[in-house]
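Chemist: Here you go, sequence then predicted model.
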Amino acid sequence: MARGIDYGGMMHRAMQRLIAEVLQSVAREGLPGEHHFFITFDTRDSDVEMADWLRERYPEEMTIVIQHWFENLEVTPEGFRITLNFGNSPEPLYIPFDALRTFVDPSVEFGLRFENHEEDEEDEEEAEPAAETPEAEGPKSGAEVVSLDKWRK
């Protein structure tokens, strides 16, 4: 017998595809206008590739900014590669989409937050991805719960 529809998992994968599509566009055409991204990821993910000194400095999670200077942005269905400048030292990174925690574009007040995947498996009903909008200070964000009763007849 079927377990039911995994809306949380489906939404999670759809959000990852959205980010992949955005990054693919940036890789081809560059960042348009004032767009820029704050991307937070789990540095403990076994598929994350980063310099040892960065992993020591950010042992749990790290937020990168894709804005003024970046090189070698390559996007695959599983993640993306990018070279960023850390204190005048270019460093290559590989970030799998499964390691993402937040993706924010403050220029248009758009943001996504990913719940921890282990929590999804333990408690599928509570751990659903949520859309967020950043506050004026930058990557801090909040969420709004919308009742579906508003659209029911």
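Modeler: Perfect, I can see it now. Numbers count the residues shown, from 1 in each chain.

Chemist: so where do the strands sit in this structure?
Modeler: For the chain, the strands defined by DSSP state E cover 37-42, 61-66, 70-75, 79-85, 90-96, 100-105, 110-113, 130-134, 141-142.

Chemist: Out of the ones you listed, flag the one nearest A20.
Modeler: A20 lies closest to strand 70-75 among the strands of the chain, at 5.6 Å (Cβ to Cβ). Where you see a C-beta, it was placed from the backbone N, CA and C, and this is true even at glycine.

Chemist: Run me through the strand neighbours of that closest one, direction for each.
Modeler: Here strand 70-75 has these sheet partners by DSSP bridges: strand 79-85 (antiparallel).

Chemist: Name the single longest helix found in the protein.
Modeler: Using DSSP state H, we find that the single longest helix of the chain is helix 7-29.

Chemist: Adding mean neighbour count, write the strands of the chain out as TSV.
Modeler: TSV is the format used below for the strands of the chain (neighbours: other Cβ atoms under 10 Å):
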stretch	mean neighbour count
strand 37-42	21
strand 61-66	17
strand 70-75	15
strand 79-85	18
strand 90-96	17
strand 100-105	21
strand 110-113	19
strand 130-134	17
strand 141-142	15
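
Chemist: With mean pLDDT and distance to Q24 as new columns, can those be given to me in JSON lines?
Modeler: Conversion of these to JSON lines gives the following (pLDDT from 0 to 100; distance: least, Cβ to Cβ, whole Å):
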{"stretch": "strand 37-42", "mean pLDDT": "94", "distance to Q24": "13"}
{"stretch": "strand 61-66", "mean pLDDT": "93", "distance to Q24": "13"}
{"stretch": "strand 70-75", "mean pLDDT": "93", "distance to Q24": "5"}
{"stretch": "strand 79-85", "mean pLDDT": "94", "distance to Q24": "9"}
{"stretch": "strand 90-96", "mean pLDDT": "95", "distance to Q24": "14"}
{"stretch": "strand 100-105", "mean pLDDT": "93", "distance to Q24": "14"}
{"stretch": "strand 110-113", "mean pLDDT": "90", "distance to Q24": "16"}
{"stretch": "strand 130-134", "mean pLDDT": "38", "distance to Q24": "21"}
{"stretch": "strand 141-142", "mean pLDDT": "36", "distance to Q24": "24"}
